[in-house]
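**Student:** model the structure of this input:
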Amino acid sequence: MNKKLIVLMALLVSFAIVYFNFGHLLTLEQIKGFHQTLQSDIQENLFFYSAAYFIAYVVVTALSIPGAAVVTLLGAALFGFWWSLLLVSFASTIGATIAFLSSRYLLREWVDSKFKDKLVPINQGVEKDGAFYLLTLRLIPIFPFFLINLLMGLTKITAGRFYLFSQLGMLPGTMVYLNAGTQLSEITSLSGLVSPQILGSLALLGLFPIIIKFVINTIQKNRGQLKE
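**Tutor:** Numbering: from 1, shown residues only. From the prediction side, this is the model:
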């Protein structure tokens with residue numbers, strides 16, 4: 001029997017077992033109830049939960065573990081927009097800087113051999129535009145988030161500039177994701193999935209890269225004209 005078919009059948013059986021045994025716990029009412037209970041506990045132990053979330057986010061980012069977007073949305077649901085913005089903005093930048101420093105001082109040979117072809121345009125961009133190039137990469141993720149951290153560690157950019165421009169560049173995207181997270185956490189019924197607020201937040205997630213790309217292209221065009 002085809003191996004892919006065996007895997008598919010195993011997944012279907014696993015899903016059926018989980019659904020029939022725990023499906024009653026996956027209703028919107030149950031999830032909302034759990035969320036409200038957790039919210040009360042967080043309010044009573046805000047420092048503990050904030051510290052745990054912050055450390056977990058730093059680790060996820062520093063080790064390049066997939067799922068940072070989901071963790072960001074979770075932060076908005078648990079802590080609200082402004083507090084989660086503070087936590088995520090600093091945690092993501094600190095984690096990115098740890099990955100950057102690890103690449104520069106511990107993993108230089110491995111990163112260079114693994115991603116040598118992608119290092120060439122990164123070096124050219126830094127040589128041409130300096131920290132502005134990093135800012136552009138953060139606003140328009142041409143390369144995956146973790147790859148930017150690792151490859152930038154092999155360039156001449158200083159750790160201080162990397163931290164500052166990473167935090168500035170990631171801030172708009174973080175705000176967009178957190179806004180979507182707060183909207184999703186306020187759903188009280190299935191009809192809420194098609195509310196103007198939810199649809200608007202999801203549309204913003206999709207349109208954000210296009211808008212940012214237009215802004216960056218305009219800035220680069222103006223810079224080119226000034227140099228002339």
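**Student:** need the nearest residue in space to Leu134, chain neighbours excluded.
**Tutor:** Of all residues not flanking Leu134 in the chain, Phe165 sits nearest, at 4.8 Å (C-beta to C-beta, 6 or more residues apart in numbering). The C-beta positions use only the backbone N, C-alpha and C, and glycine is treated the same way.
**Student:** so who does that neighbour touch?
**Tutor:** Ala131, Phe132, Leu134, Leu135, Arg138 (C-beta atoms under 8 Å, 6 or more residues apart in numbering).
**Student:** that one and Val88: what is the separation?
**Tutor:** Between Phe165 and Val88 the computed distance is 17 Å (C-beta to C-beta, to the nearest Å).
**Student:** swap in Pro121?
**Tutor:** Between Pro121 and Val88 the distance is 28 Å, computed by C-beta to C-beta.
**Student:** so which of these two has more stuff around it?
**Tutor:** Of the pair Pro121 and Val88, Val88 is the one with more neighbours under other C-beta atoms under 10 Å, namely 27 against 13.
**Student:** show me the contacts for the more buried one.
**Tutor:** The contact partners of Val88, taken as C-beta under 8 Å, 6+ apart, are Tyr57, Thr72, Gly75, Thr174, Leu178.
**Student:** related to what we said a few turns ago, confidence score at the residue nearest to Leu134?
**Tutor:** pLDDT recorded at Phe165 is 91.
**Student:** ok, the one 3 residues further on next?
**Tutor:** In the prediction, the pLDDT value recorded for Leu168 is 90.
**Student:** hmm, it is touching Thr136, no?
**Tutor:** No - distance between Leu168 and Thr136: 11.3 Å, which falls outside the contact criterion (C-beta atoms under 8 Å).
**Student:** what about these two, which has more around it?
**Tutor:** Counting neighbours by other C-beta under 10 Å for Leu168 and for Thr136 shows that Thr136 has the greater number, 21 against 16.
**Student:** now that one: how far from Phe145?
**Tutor:** 14 Å.
**Student:** before we move on, what about Val88?
**Tutor:** For Val88, the distance to Phe145 - C-beta to C-beta - is 13 Å.
**Student:** could you do Ile94 as well?
**Tutor:** According to C-beta to C-beta, Ile94 stands 14 Å off from Phe145.
**Student:** Thr37 in helix, strand or coil?
**Tutor:** Classification of Thr37 by DSSP: H, G, I helix; E, B strand; the rest coil places it in helix.
**Student:** okay, now Ala52: neighbour count?
**Tutor:** Ala52, neighbours per other C-beta under 10 Å, totals 11.
**Student:** also Thr37?
**Tutor:** 10.
**Student:** where in the protein is pLDDT low?
**Tutor:** 1-35, 141, 184-210, 213, 216-217, 219-228 (pLDDT under 70).
**Student:** all helices of it, in order?
**Tutor:** Under the criterion DSSP state H, helices of the chain are mapped to 3-22, 28-44, 46-62, 68-79, 81-105, 108-114, 116-129, 131-139, 145-152, 159-185, 196-227.
**Student:** quick one, what contacts Val126?
**Tutor:** Contacts of Val126 by C-beta under 8 Å, 6+ apart are Tyr133, Leu134, Met152, Thr155, Lys156, Ile157.
**Student:** what residue, apart from its backbone neighbours, is nearest the last one spatially?
**Tutor:** I take that to be Ile157. Using C-beta to C-beta, 6+ apart, the nearest residue to Ile157 is Val126, at 5.8 Å.
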